[in-house]
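Peer 1: let me see the structure of the following:
(2 chains, ligands or ions: 2)
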Amino acid sequence: MIDLLNFHIIPGLVLGSIYALGAIGVSLVFGILRFANFAHGDTMTLGTYITYTFIHLTPLYGIVALPLALLIAVPAAMIATGLIVLIIDRLFYRPFRNSPVIIVVIASFGMMLMIRSSIEMIWGPQLKAMITGIQPPWFFFDTIRVLPKHVAILIAALVLMGIIHYLLSHTKIGKAMRAMADSPDLARVTGIDTERVVKATWMIGTALAVAAGVFLALDGQMKPLMGFSVLLAVFASAILGGIGRPYGAMAGGLVIGVAEELSTYPWIGDGPLLSPGYKAGVSFAIMVAMLIWRPNGLFKGKVF
Amino acid sequence: MSVLELTDITGGYGETEILHSVSMRVDEKEIVVIIGPNGAGKSTAMKAVFGLLNLTAGTVRLNDKDITHLAPEQVVRKGVCYVPQVGNVFPNLSVEENLEMGAYVRTDDFGPRIQEMYELFPDLRTKRSEAAGALSGGQRQMVAMAKALMLDPKILLLDEPTAGLSPKYRGEIFRVVRDINSIGVAILMVEQNAKQALNIADRGYILVDGQNRMDDTGPALLSNPEVGEMFLGGGTDKAA
Ligand SMILES: Nc1ncnc2c1ncn2[C@@H]1O[C@H](COP(=O)(O)OP(=O)(O)OP(=O)(O)O)[C@@H](O)[C@H]1O
Ligand SMILES: [Mg+2]
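Peer 2: Ligands and ions are numbered 1, 2, ... in the order given. Okay, the predicted model is just below:
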């Protein structure tokens, strides 16, 4: 039974918090700009590669230990990636602000391919490792086995979600984001600087995407397709939580992550219920089921 | 001098022309009421002030300065506040957060202003941390008005503030409109409750099919038989 906790629930929570961080960004962008941003997964990848560059191609890693190097490199990469995304918004999305939604959705689809190709051109298509070497797990009560990096990811994700909560509920720009998600027209006639809100949305969503990407790379490998490969699960999380609702996205991510990992537990017989290769199918199935039966998501109540 | 002056406004949404050369003005400290049948373009005329319309002709002037092509947030900064007919509160924000958003362009401490709003609308004080979307229609309308007043505007645009409200709330809203006006805020108001509105109005405009049909002082319109037949008869009070 302890295997269920060690090899499914804990990794599921880790994966889930990565999905959640990605899904918050998708939800924020959907709530405020009203389109499904297909490029979000590749934004995660881009942020991860930029973090990698900051760590390995600058003297940073030689000077300080890895955890500290990450603490410096990740925020720097959040800002750098955020600025790139702001430029993308200015050039490729903003001209379509008043056009039918499908146009900007397709623009984000094109952007997704462009970002990925750029990553392959700059950093190459081969696998990379953010960290090398093997970490011994920590044991609690002799039975609970956790990898230190998993502890770090869970804590960091929790802190980031706390920051997002504070931002949305206690700061002027966060409240303006919620206001604009409620009603963009009323926001404008109220005097809210909507373009500023849009910029804040991109910066925050991208910052979380960078964190999600880096955590994904710490948990596995870095490759140009890494962000795209979780895009489906990220969208499923956002939909599960009720798209446009960041708090729902947090819960949705955790549910999807744990569900994916639980699907490979040997519930019946000795082998895994689902071969791990089909894990992604779980989020797809949940997403389709949600779209059919509860398209508004699990949490009807409080939006945002 | 006119606070707000619309001159020969022609335009609409996209291609369709809704307003045909509409003109109206609001002088300092006035209450001006717009009445007219459904679909006459009353709301559209208000949107024209906020640059939310495709104008093919006409100008909007505020204190004699041209604001025709300003973006909505800039119009707000100039001291014009607007309560739209529908969707005039942020439903998922609390009452107090709605007021804070009303003060978005302010950089000073607007805490005292919030307290003034709670004095003007005592009902709202007890509901301050409830989501605006969960309030009754009348209370929502109060939130919308308080939100618009946060900037201490020179002129307040109200689009059917009493539509769908019970007589109690309707009276309350008219009382507040008078109170606000008595401290010097000019009011431009669209109203279906024409009789009550004209009673407190200095002047009124009648808009039909996107055109000026008639304008006069409040009392004169009230006693005008043609107006009486069209708007003040038994069946016109649709909100009752
Ligand atoms: N957003 C919009 N896009 C296109 N047409 C619109 C829009 N809003 C209103 N119209 C049209 O413009 C015309 C005038 O509408 P408007 O809302 O100004 O009328 P109104 O006088 O305010 O009516 P009511 O008493 O029902 O509020 C109507 O024919 C309406 O269908
Ligand atoms: Mg109207």
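Peer 1: low-confidence bits of the chain, can you list those?
Peer 2: I went with chain A, as the question did not name one. For chain A, applying pLDDT under 70 flags the ranges A:62-64, A:133-134, A:299-304.
Peer 1: meant chain B actually
Peer 2: Looking at chain B by pLDDT under 70, you get B:233-240.
Peer 1: residue A:222: neighbour count?
Peer 2: 22 (other CB atoms under 10 Å in any protein chain shown). (C-beta placed from N, C-alpha, C; glycine too.)
Peer 1: what's the distance between it and residue A:131?
Peer 2: 10 Å (CB to CB, to the nearest Å).
Peer 1: same question for residue A:183.
Peer 2: 45 Å.
Peer 1: what's the burial count for residue A:76?
Peer 2: 16.
Peer 1: wait, I meant residue B:80
Peer 2: 28.
Peer 1: quick one, what contacts the closest residue to it other than its chain neighbours?
Peer 2: Closest residue in space to residue B:80, ignoring its immediate chain neighbours: residue B:155 at 5.5 Å, by CB to CB, 6 or more residues apart in numbering or on different chains. Shown in contact with residue B:155 (CB atoms under 8 Å, 6 or more residues apart in numbering or on different chains): B:3, B:4, B:26, B:62, B:79, B:80, B:81, B:185, B:186, B:187, B:188.
Peer 1: list the buried residues of stretch B:212-225.
Peer 2: B:212, B:213, B:214, B:215, B:216, B:218, B:221, B:222, B:224 (16 or more other CB atoms under 10 Å in any protein chain shown).
Peer 1: again but with stretch B:44-62, I slipped
Peer 2: For stretch B:44-62, using 16+ other CB under 10 Å, the buried residues are B:44-53, B:55, B:58, B:60-62.
Peer 1: which of those residues fall in strands?
Peer 2: Among the buried residues of stretch B:44-62, the residues falling in strands (DSSP state E) are B:55, B:58, B:60, B:61, B:62.
Peer 1: and the longest helix for chain B?
Peer 2: The residue-count maximum for a helix in chain B (DSSP state H) belongs to helix B:167-182.
Peer 1: buried stuff in that helix?
Peer 2: B:169, B:170, B:172, B:173, B:174, B:176, B:177, B:180, B:181.
Peer 1: near ligand 2 too, which of those residues?
Peer 2: Among those, no residue is within reach of ligand 2 (CB under 5 Å from the ion).
Peer 1: centre-most residue in chain B?
Peer 2: residue B:158 (1.3 Å; CA atoms, centre = their mean).
Peer 1: what kind of secondary structure is it in?
Peer 2: Following DSSP: H, G, I helix; E, B strand; the rest coil, residue B:158 is assigned to strand.
Peer 1: closest point of chain B to ligand 2, which residue?
Peer 2: residue B:43 (3.1 Å; CB to the ion).
Peer 1: so who does that residue touch?
Peer 2: Contacts of residue B:43 (CB under 8 Å, 6+ apart): B:84, B:85, B:159, B:160, B:190.
Peer 1: so which of the buried residues of stretch B:212-225 are in strands?
Peer 2: Per DSSP E, these map to strands at B:212, B:213, B:214, B:215, B:216.
Peer 1: surely the last one touches residue B:203?
Peer 2: Yes. Contact between residue B:216 and residue B:203 holds when scored by CB atoms under 8 Å: they sit 6.9 Å apart.
Peer 1: show the contacting residues for the residue nearest to the centre of chain B.
Peer 2: With the criterion set at CB under 8 Å, 6+ apart, residue B:158 makes contact with B:83, B:145, B:177, B:187, B:188, B:189, B:190.
Peer 1: which of those residues has the most neighbours?
Peer 2: Neighbour max across the contacts of residue B:158 (other CB under 10 Å) = residue B:189, 28 neighbours.
Peer 1: in three-state terms, label it for me.
Peer 2: Classified using three-state DSSP, residue B:189 is strand.
Peer 1: which residue is the nearest non-sequential neighbour of it?
Peer 2: Per CB to CB, 6+ apart, closest to residue B:189 is residue B:158, 4.3 Å.
Peer 1: list the beta-bridge partners for that neighbour.
Peer 2: Applying DSSP bridges to residue B:158 gives these bridge partners: residue B:83, residue B:189.
Peer 1: so which bits of the helix or strand encompassing residue A:186 are buried?
Peer 2: Secondary structure assignment for residue A:186, by DSSP states H and E: helix A:184-190. For helix A:184-190, a neighbour-count test (16+ other CB under 10 Å) marks A:184, A:186, A:187, A:188, A:189, A:190 as buried.
Peer 1: and stretch A:138-147, by the same measure?
Peer 2: Neighbour count says stretch A:138-147 has A:145, A:146, A:147 buried, by 16+ other CB under 10 Å.
Peer 1: try stretch A:83-96
Peer 2: For stretch A:83-96, by 16+ other CB under 10 Å, it's A:84, A:85, A:86, A:88, A:89, A:92, A:93, A:96.
Peer 1: in helices only, show me those residues.
Peer 2: Those of the buried residues of stretch A:83-96 lying in helices (DSSP H): A:84, A:85, A:86, A:88.
Peer 1: now the residues you listed as a markdown table including distance to residue A:218?
Peer 2: Converted to a markdown table, these look like this (distance: CB to CB, whole Å):
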| residue | distance to residue A:218 |
| --- | --- |
| A:84 | 22 |
| A:85 | 22 |
| A:86 | 26 |
| A:88 | 26 |
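Peer 1: turn those residues into CSV, including distance to ligand 2.
Peer 2: Below are those laid out as CSV (distance: CB to the ion, whole Å):
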residue, distance to ligand 2
A:84, 44
A:85, 39
A:86, 38
A:88, 39
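Peer 1: hmm, back to that, pull the CA atoms of the longest helix of chain B into PDB?
Peer 2: The C-alpha atoms that make up helix B:167-182 are tabulated as PDB, following Å, rounded to 0.1, in the frame of the first residue of the first chain:
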ATOM      1  CA  PRO B 167     -41.000  51.200  -6.100                       C
ATOM      2  CA  LYS B 168     -39.000  51.400  -2.900                       C
ATOM      3  CA  TYR B 169     -35.600  51.200  -4.600                       C
ATOM      4  CA  ARG B 170     -36.800  53.400  -7.500                       C
ATOM      5  CA  GLY B 171     -37.600  56.100  -5.000                       C
ATOM      6  CA  GLU B 172     -34.300  55.600  -3.300                       C
ATOM      7  CA  ILE B 173     -32.400  55.900  -6.600                       C
ATOM      8  CA  PHE B 174     -34.300  59.100  -7.600                       C
ATOM      9  CA  ARG B 175     -33.500  60.500  -4.100                       C
ATOM     10  CA  VAL B 176     -29.800  59.800  -4.600                       C
ATOM     11  CA  VAL B 177     -29.800  61.300  -8.100                       C
ATOM     12  CA  ARG B 178     -31.200  64.500  -6.600                       C
ATOM     13  CA  ASP B 179     -28.700  64.400  -3.700                       C
ATOM     14  CA  ILE B 180     -25.700  63.900  -6.000                       C
ATOM     15  CA  ASN B 181     -27.000  66.700  -8.300                       C
ATOM     16  CA  SER B 182     -27.400  69.100  -5.300                       C
END
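Peer 1: no further questions, thank you.
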